[in-house]
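>>> how does the following fold in three dimensions:
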Amino acid sequence: MTTRTDLSESPTVESRDDLLAVFSGGEKPEERWRIGTEHEKFVYRVSDHRAPSWEEEGGIRDLLTALTEFGWNPVIEDGKLIALTGEDGTVSLEPAGQLELSGAALDNLHQTCAEAARHLKQVKAVGEKLGLGFLGLGMWPDKKREDLSWMPKGRYGIMRRYMPTVGSLGLDMMLRTCTIQTNLDYASEADMVQKFRVGLALQPVATALFANSPFTEGKPNGFKSFRSHIWEDTDPDRTGMLPFVFEDGFGYERWCDYALDVPMYFVMREGKYHDVAGKSFRDFLDGRLEGFEGEKPTVADWTDHLSTIFPEVRLKSFLEMRGADGGPWGRICALPALWVGLLYDQGALDAAWDLVKDWSIEEREAVRHAVPRQALDAAVPGGRMMREFAGEVLDIAAQGLAARERYNAAGDSEVGFLDPLRDVVASGKSPADRLLERYHGKWGSAIDCIYEEESF
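Reported below is the predicted structural model:
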């Protein structure tokens, strides 16, 4: 989840135009389009596989502190180290200590993969000193909620109280999941709309290809991506497939209205989070927010609020693709490859839209609901299986990457970053299917084996 690292004074929102300017201000010509990749991993003690707390010796605080040796700068909240900033972006903490890199905005996938490699080299070096390991999955395979401790971030305390009032799995989302995400640019409002629609319709493809969370508390849970299922019962006000995105007239104005209607979580003032969970940002605009009467929001308040909306695709001043489970190093690079290939070449974008433009709202919802359980075995409109359909999507992504003509020093294009996903389609087995095979086979139902085989 987003960590506020800039506490400088922000201008007051004077009109609706100031809200819309956050979206229109993200418009960039194609030559300035960049790639941002976010990836989370579970941290555990090598000795006993326990999830460390923030404050214990050799725990999460010491992990962050040790990373400053690599040039990262500390971010302090209420006197406590909760994040780091540097040339490679931001290192931050999810609610139970999941470690996230929100990478820098980069030109090509070769740079993205190099960034991920630098980060993992650093955390593994620190982990060896502290006795910590790092696990690449979509969900803790064995931990109960009560096995996990909360990180000392103000927004998490607010969300912890609010989540159980709006869904049954919100705390699991916070405590027990990890994801890989990709952030991408757009040239205009029309370009944003097309990319949003394609990205939203095809998120189930990413979910199927990256499905990697088949265990809960040490046993198979009946899903291939339980992480994805969790979002179906987290908070209906701020999640889902957003049918209005596919309606005529969708654009910045409609997204703004949707965001204004999402209940607030907090207001941040002087580095402190104030609980306004469930209250209306529209009231805030009118100076009628309870506890902040007579005060208008700042642009930073608005961008904070936008970061508390959790659909499968999210618009801020860029588009976030949010449908994939966490996974091993090779798949960190594969997710941005998928979306860059589909969305950053107009021919590929048009071809991808042709695949899904005739799907009904009901068909899109059906695919979204089926994939967490079935992954590549889910049906897609037209009577095909997801495995076949995903292969077609990957073909389009490969064409888009080839058309970009971004090469490394050895002359390799970006297309090779799709290879892990090609392997998934060729085998017909999602990462979760392979995990389940090992669990029922050579592991002998011993979930601890996953730490040896799925750690970074």
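
>>> could you use CA atoms for every contact and neighbour count after this?
Will do.

>>> all strands for the stretch 301-450 of the chain, in order.
Ranges of strands in the stretch 301-450 of the chain, per DSSP state E, counting those that start in this stretch, are 313-315, 319-325, 379-380, 384-385.

>>> just checking: what are the partner strands of the first one?
When pairing is defined by DSSP bridges, strand 313-315 lines up against strand 319-325 (antiparallel).

>>> okay, the angle between the top strand by length along the chain and strand 319-325?
For the chain, the strand that runs over the most residues, judged by DSSP state E, is strand 35-45. Calculated by axes from the mean of the first three to the mean of the last three CA atoms, to 10 degrees, strand 35-45 forms an angle of 40 degrees with strand 319-325.

>>> check which helices and strands strand 35-45 sits against.
Packed against strand 35-45, as judged by 3 or more CA pairs under 8 Å, 6 or more residues apart in numbering; DSSP states H and E, are the following elements: strand 99-102, helix 109-130, strand 132-135, strand 179-184, helix 329-343.

>>> my guess is residue 288 contacts residue 294. True?
Yes: using CA atoms under 8 Å, residue 288 is in contact with residue 294, at 6.3 Å.

>>> tell me which of these two has more neighbours.
Each of residue 288 and residue 294 has its neighbours counted (other CA atoms under 10 Å); residue 288 has more, 16 against 12.

>>> A helix includes that one, no?
No: under DSSP: H, G, I helix; E, B strand; the rest coil, residue 288 sits outside any helix and is assigned coil.

>>> wait, what's in contact with it?
294, 295 (CA atoms under 8 Å, 6 or more residues apart in numbering).

>>> likewise residue 166?
Per CA under 8 Å, 6+ apart, neighbours of residue 166: 234, 235, 236.

>>> again, 10 Å this time
Applying CA atoms under 10 Å, 6 or more residues apart in numbering, we find residue 166 in contact with 233, 234, 235, 236, 237, 278.

>>> from memory the second one sits against residue 159, does it?
No: with contacts defined as CA atoms under 10 Å, residue 234 does not count as touching residue 159, sitting 11.3 Å away.

>>> neighbour count: these two, which is higher?
Applying other CA under 10 Å to residue 234 and residue 159 shows that residue 234 carries more neighbours, namely 24 against 19.

>>> now the more buried one: closest residue in space, sequence neighbours ignored.
Leaving aside its chain neighbours, residue 234 sits nearest to residue 170 (4.2 Å; criterion: CA to CA, 6 or more residues apart in numbering).

>>> return the set of buried residues in the longest strand of the chain.
Across strand 35-45, burial judged by 16 or more other CA atoms under 10 Å covers 35, 36, 37, 38, 39, 40, 41, 42, 43, 44, 45.

>>> likewise for stretch 346-366?
For stretch 346-366, a neighbour-count test (16+ other CA under 10 Å) marks 348, 349, 350, 351, 352, 353, 355, 356, 363, 364, 365 as buried.

>>> try stretch 269-278
Buried residues in stretch 269-278, defined by neighbour count with 16+ other CA under 10 Å: 273, 274, 275, 276, 277.

>>> dump these to TSV, plus secondary structure.
Shown next, in TSV, are the buried residues of stretch 269-278 (three-state DSSP):
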residue	secondary structure
273	strand
274	strand
275	strand
276	coil
277	coil
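
>>> surely residue 229 is within a helix?
Yes: Residue 229 forms part of a helix when assessed by three-state DSSP.

>>> against residue 141, how distant is the residue lying closest to it once chain neighbours are set aside?
Taking CA to CA, 6+ apart, and ignoring the residues beside it in sequence, residue 229 has residue 372 as its nearest neighbour in space, at 5.6 Å. In this view, residue 372 and residue 141 are 16 Å apart by CA to CA, to the nearest Å.

>>> the more surrounded of the two?
Neighbour totals were compared for residue 372 and residue 141, and residue 372 leads with 27 against 24 (other CA under 10 Å).

>>> who's in contact with the more buried one?
204, 207-208, 211-214, 222-230, 232, 378.

>>> out of those, which end up buried?
Neighbour counting over the contacts of residue 372 (16+ other CA under 10 Å) leaves 204, 207-208, 211-214, 223-230, 232, 378 as the buried ones.

>>> give me the neighbour count for the residue nearest to residue 301 when sequence neighbours are not counted.
Nearest residue to residue 301, sequence neighbours excluded (CA to CA, 6+ apart): residue 267, at 6.6 Å. Residue 267: 22 surrounding residues under other CA under 10 Å.

>>> mean confidence for the host helix or strand of residue 267?
Per DSSP states H and E, residue 267 falls inside strand 266-269. Strand 266-269 shows a mean pLDDT of 97.

>>> repeat that for stretch 207-221.
98.

>>> endpoints of that stretch, how far apart?
Using CA to CA, the end-to-end distance of stretch 207-221 comes out at 17 Å.

>>> do stretch 277-293 as well
Using CA to CA, one end of stretch 277-293 lies 16 Å from the other.

>>> mind showing which ranges of this protein have poor pLDDT?
Flagging of the chain using pLDDT under 70 yields the residue ranges 1-7.

>>> any idea which residue of it is furthest from its center?
Centroid-distance maximum for the chain: residue 294 at 35.4 Å, with CA atoms, centre = their mean.

>>> which residues touch that one?
The contact partners of residue 294, taken as CA under 10 Å, 6+ apart, are 284, 285, 286, 287, 288.

>>> if you set the cut-off to 7 Å instead, what comes out?
Residue 294 is in contact with 287, 288, counting by CA atoms under 7 Å, 6 or more residues apart in numbering.

>>> check which helix or strand covers it.
Using DSSP H and E, residue 294 falls outside every helix and strand.
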